[in-house]
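Enquirer: give me the fold of what follows.
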Amino acid sequence: MGFATNQSPESVAVFLASARAAHPRSSCMIALVTDDVSGLEDVLERTGAVAFHTTSTWTPSTGKPSKGVNRVFLHSLRLLGKALPDKSLPEIRVGYWHMLEAWHHPQLARWFAYERILRFLPGVRQVVLADVKDVVFQSECFGDHLNGVVVATEDQETFALETWNGRWYRDAFGAKAWEAVKDRMPVCIGVLMGDRAAMRDIVTEFCAEIARSPFGKIEQAVFNRMIAMDAFSRPLDLVPNRDGAVAHLAAGLTDGDVEIVEGQIADARTARVWPVVHMYDRVATAHDAVQARFASELRPEPHVATTEGEAK
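Expert: You can find the predicted model right below:
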């Protein structure tokens, strides 16, 4: 499942086409959460993907007046919900979560969409939640290793202050909190995979934490804070980057760290093809391999290096 508002049709096409190439229709459902399917009808039909609607209205052109009104309204709902007795006006509490999905930045809004949808997929055993614009699937990524747990892959960069993870964490939670985690390796939540029931519970707890203080924090910092505080009720397996099913190609990885094996992106250390590659567009060799493999889905576009902060 991927959340895809304000994404290029080409990026969405790679996400959907690669997911279907790696997972047969008979055993895997592909879900795209989006506010608009215009221009995507063909690839949705060809891949057998399902589009779920999100009420998200945020766009890159959303200006300060709208953001100001959004904050006033959302804070009012949040404070009203906190002031009310637990069982009073339940529609206000539920409405607050819906408004966060509708009005907040997509980085945070997507988790409220995921939580809503995961509650209505009782037949699904395992699930992957993934970024759309820079994720490519290369082989089957489900299996027994996901039974009863959620797997999160460590980021390529640390909590050092010169990294985005370090800045986000300290800005969100202060210097003392950062000191407590600075020697740990954070996880990247661009791709999470796991048992559906466990994922539903973790996403619900994550959304509840975001909803308590929805502004001024990057969601990856919030997730890592919850790991540090042992705040998740379900098992969470933390896997080193590039050692498991997911590779995050960021923070210093170069062409020398990857090789192309039969058109797919592989680990240069072992020639193992990663089932899922996130941020493939950061490494020119990986980007070009994806462009070549899915040329029929794309308009020609050159590789454009992006900064860590822009991508996340």
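Enquirer: surely residue 210 meets residue 110?
Expert: No. Using Cβ atoms under 8 Å, residue 210 makes no contact with residue 110, being 10.8 Å away. Every C-beta, even on glycine, is put in place using the N, C-alpha and C of the backbone.
Enquirer: run through the stretch 51-200 of the chain and note the low-pLDDT ranges.
Expert: Within the stretch 51-200 of the chain, the stretches with pLDDT under 70 are 81, 83-89.
Enquirer: show me where it has its helices.
Expert: 64-83, 90-103, 106-118, 164-173, 175-181, 196-212 (DSSP state H, counting those that start in this stretch).
Enquirer: deepest of those, which one?
Expert: Stretch with highest mean neighbour count among those: helix 106-118 (a mean of 23; mean count of other Cβ atoms under 10 Å).
Enquirer: ok, and what's touching it?
Expert: 1, 3, 5-6, 31, 33, 52, 54, 56, 58, 97-98, 100-104, 127, 129, 196, 199-200, 203-204, 206-207, 210, 214, 218-219 (Cβ atoms under 8 Å, 6 or more residues apart in numbering).
Enquirer: dump the residue contacts of residue 221.
Expert: Residues near residue 221 by Cβ under 8 Å, 6+ apart: 165, 168, 169, 171, 172, 173.
Enquirer: okay, and it sits in which element?
Expert: Assessed by DSSP states H and E, residue 221 sits inside helix 219-228.
Enquirer: how far off centre is that helix?
Expert: 13 Å (Cα atoms, centre = their mean, to the nearest Å).
Enquirer: give me the angle between that helix and helix 106-118.
Expert: Using axes from the mean of the first three to the mean of the last three Cα atoms, to 10 degrees, the direction of helix 219-228 lies 60 degrees away from that of helix 106-118.
Enquirer: and the next helix or strand after helix 219-228, which residues are buried?
Expert: Once helix 219-228 ends, the next helix or strand along the chain (criterion: DSSP H and E) is strand 236-239. For strand 236-239, the buried set under the neighbour-count rule, 16 or more other Cβ atoms under 10 Å, comprises 236, 239.
Enquirer: paired strands for strand 236-239, with orientation please.
Expert: When pairing is defined by DSSP bridges, strand 236-239 lines up against strand 150-154 (parallel).
Enquirer: ok now the partner strand, how far from the chain's centre?
Expert: 12 Å.
Enquirer: same question for stretch 142-149.
Expert: The answer for stretch 142-149 is 19 Å, by Cα atoms, centre = their mean.
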